[in-house]
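Peer 1: Have a look at this prediction, sequence included:
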Amino acid sequence: MTAEHCQTCGDVAARMLVLAVDEAEALALCQDEEGRRLSVDTGVVGSVLPGDTLLVHAGAALIKEPVA
Amino acid sequence: MRFVQEFRDAELGRALAHDIRALVEPGRTYKLMEVCGGHTHTIYRYGIDGLLPDEVELVHGPGCPVCVLPMGRVDDGIAIAHKPGVIFTCFGDMLRVPGSRGSLLEAKAEGADVRMVYSPLDALAVARANPERQVVFFAIGFETTAPSTALTLRRAKAERVENFSCMCNHVTIVPPLRALLDSPTLDIDGFIGPGHVASVVGVRPFQFIPAEHGKPFVAAGFEPLDVLQSIQMIVAQLVGGRCELENQYARVVAWDGNPRALDVMAEVFDTRERFEWRGLGFIPRSALKLSEAYAELDAERRFRTPGARVADPEACQCGEVLTGTIRPWECKVFGTACTPERPIGTCMVSPEGACAAYYAYGRYARERGVTV
């Protein structure tokens, strides 16, 4: 996700905020803390809603963060 | 951002470092391996090694998938990239990884259509936009990255995107750890475990490390306080005579991982009988290939890759670095013939590679006389 990190190593898993959801396609438009937007595959995290925070790696959400 | 800034608090970091210093027994050494290249990067970037007492030594493990990729696989990828009509896509960190006759970046300079993508989904979008071209995605990474590839392949199959295929180089973390632990020369007291791999596979697969090898294992997050707390947890186990599997990264890692991710990986991938790892040789059942159900999307079958096998350059000591036998600066070409600008070994290519991370951050601390 960032130039200084290796895409293939796990530490680039980025926290992203869900802005919009295409439930039929299992895709979500997400935004990271620096405002960059990315279409994210939500196939392995189940249902997501705008406002959820996802841990995203290589274009796929791995974890939906628990509510604090 | 929530769950980020609070794990970079300098005051808490100093307190944790103080706790570790108070824990260690004088005269005893604690040699800990951080398995994941992401941890290596955090350790050097935030100067964590400089906060630790001399008794605690950090050793960098094989957890950078770019670093463990043998040159032959790069050569195979370049062979596909040079085929007429092919658009070859890969992550940016793969572009400079040296094969025996150059890198993908050099192949691009020679005319091959090599494109950097941020995700497999991006590669699939390239395929949809170029139906007259063959689009290949060079998949690489541990179990953290494999779900993304698997989801994209499932999508490509469902949409019948026939001009898309994948050269699969995904590897799995447990087999190389077993290989390391079975080595009679291994001199490690405990493991800082790969937190994001564990978010997919869970903590349970690492149970064999304390159970069979008597070494503490702590699944760790990637912020500086995560790493410091994990070190504290391992040292506390060692001082207390305990040997357990612990999960420092519980805010992300469930004990059994992500079942949906494991399901899609099981559908799309099969385990290879063996796979070559740079510096570690062939390790049984340590990598993934496309399953028969997805064979039509397998670039190695579609393009009949040569299956190149290439020995590492003689000067390169990546294997010894990856197994913790030597430290990055002890390699005979570190920082001289081998630099991030002109890497000889893969450990110098990826920012998470032990040599590149040390070159970028650690060498300055060492020059200042800080213990590393």
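Peer 2: Nice, thanks for sending it over. Predicted model only: the values in this text are computed from it and were never measured. Residues are numbered from 1 along each chain as shown, chains lettered A, B, ... in the order given.
Peer 1: okay, CA-based contacts and neighbour counts for the rest of this
Peer 2: Fine.
Peer 1: is stretch B:246-258 up against chain A anywhere?
Peer 2: Yes - interface with chain A: stretch B:246-258 contributes B:251-252, B:258 (C-alpha under 8 Å from any C-alpha of the partner chain).
Peer 1: so how far is that stretch from its chain's centroid?
Peer 2: Here stretch B:246-258 is found 19 Å from its chain centre; the criterion is C-alpha atoms, centre = their mean, to the nearest Å.
Peer 1: what about residue B:111, how many residues close to it?
Peer 2: Neighbour count for residue B:111, taken as other C-alpha atoms under 10 Å in any protein chain shown: 10.
Peer 1: Next, the contact list for it, please.
Peer 2: Counting by C-alpha atoms under 8 Å, 6 or more residues apart in numbering or on different chains, residue B:111 touches residue B:82.
Peer 1: how much space between the most far-flung residue of chain B relative to its centre and chain A?
Peer 2: Relative to the mean C-alpha coordinate of chain B, counting by C-alpha atoms, centre = their mean, the farthest residue is residue B:132 (34.5 Å). Using C-alpha to the nearest C-alpha, to the nearest Å, we find residue B:132 at a distance of 25 Å from chain A.
Peer 1: Wait, a strand at that residue?
Peer 2: No - applying DSSP: H, G, I helix; E, B strand; the rest coil, one finds residue B:132 to be coil, outside a strand.
Peer 1: Next up, phi/psi of it, please.
Peer 2: Note on residue B:132: backbone dihedrals following degrees, to the nearest 10 are phi -90, psi -10.
Peer 1: Then residue B:245?
Peer 2: Dihedral angles (degrees, to the nearest 10) for residue B:245: phi -100, psi 120.
Peer 1: nearest spatial neighbour of it, skipping sequence neighbours?
Peer 2: Leaving aside its sequence neighbours, residue B:245 sits nearest to residue B:217 (C-alpha to C-alpha, 6 or more residues apart in numbering or on different chains; 5.0 Å).
Peer 1: isn't that neighbour right up against residue B:208?
Peer 2: No - using C-alpha atoms under 8 Å, residue B:217 is not in contact with residue B:208; the gap is 9.6 Å.
Peer 1: more crowded one of the two?
Peer 2: More neighbours surround residue B:217 than the other of residue B:217 and residue B:208, with 29 against 15 (other C-alpha under 10 Å).
Peer 1: Let me know the pLDDT of the more buried one.
Peer 2: Per-residue pLDDT puts residue B:217 at 98.
Peer 1: which residues does it bridge with?
Peer 2: Counting by DSSP bridges, residue B:217 forms beta bridges with residue B:191, residue B:245.
Peer 1: and it, what is it in contact with?
Peer 2: B:190-193, B:206, B:209-210, B:234, B:243-246.
Peer 1: Chain A: which of those is nearest?
Peer 2: residue B:193 (11.6 Å; C-alpha to the nearest C-alpha).
Peer 1: Let me see the contact set for the most centrally placed residue in chain A.
Peer 2: By C-alpha atoms, centre = their mean, chain A has its centre lying nearest to residue A:56, at 3.8 Å. Residues in contact with residue A:56 (C-alpha under 8 Å, 6+ apart) are A:13-16, A:40, A:62-63.
Peer 1: which intervals of the stretch 1-150 of chain B have sub-threshold pLDDT?
Peer 2: B:1-5 (pLDDT under 70).
Peer 1: Near chain A, which residues of it? Just list them.
Peer 2: Near chain A, when you scan the stretch 1-150 of chain B using C-alpha under 8 Å from any C-alpha, you find B:1, B:36-39, B:63-66, B:91-93, B:118-121, B:140-142, B:144-145, B:147-148.
Peer 1: do that again at 7 Å, thanks
Peer 2: Residues of the stretch 1-150 of chain B lying near chain A by C-alpha under 7 Å from any C-alpha of the partner chain: B:1, B:37-38, B:64-65, B:91, B:93, B:118-119, B:121, B:140-141, B:144-145, B:148.
Peer 1: ok, of those residues, which come out buried?
Peer 2: By neighbour count, with 16 or more other C-alpha atoms under 10 Å in any protein chain shown, these hold B:37-38, B:64-65, B:91, B:93, B:118-119, B:121, B:140-141, B:144-145, B:148 as buried.
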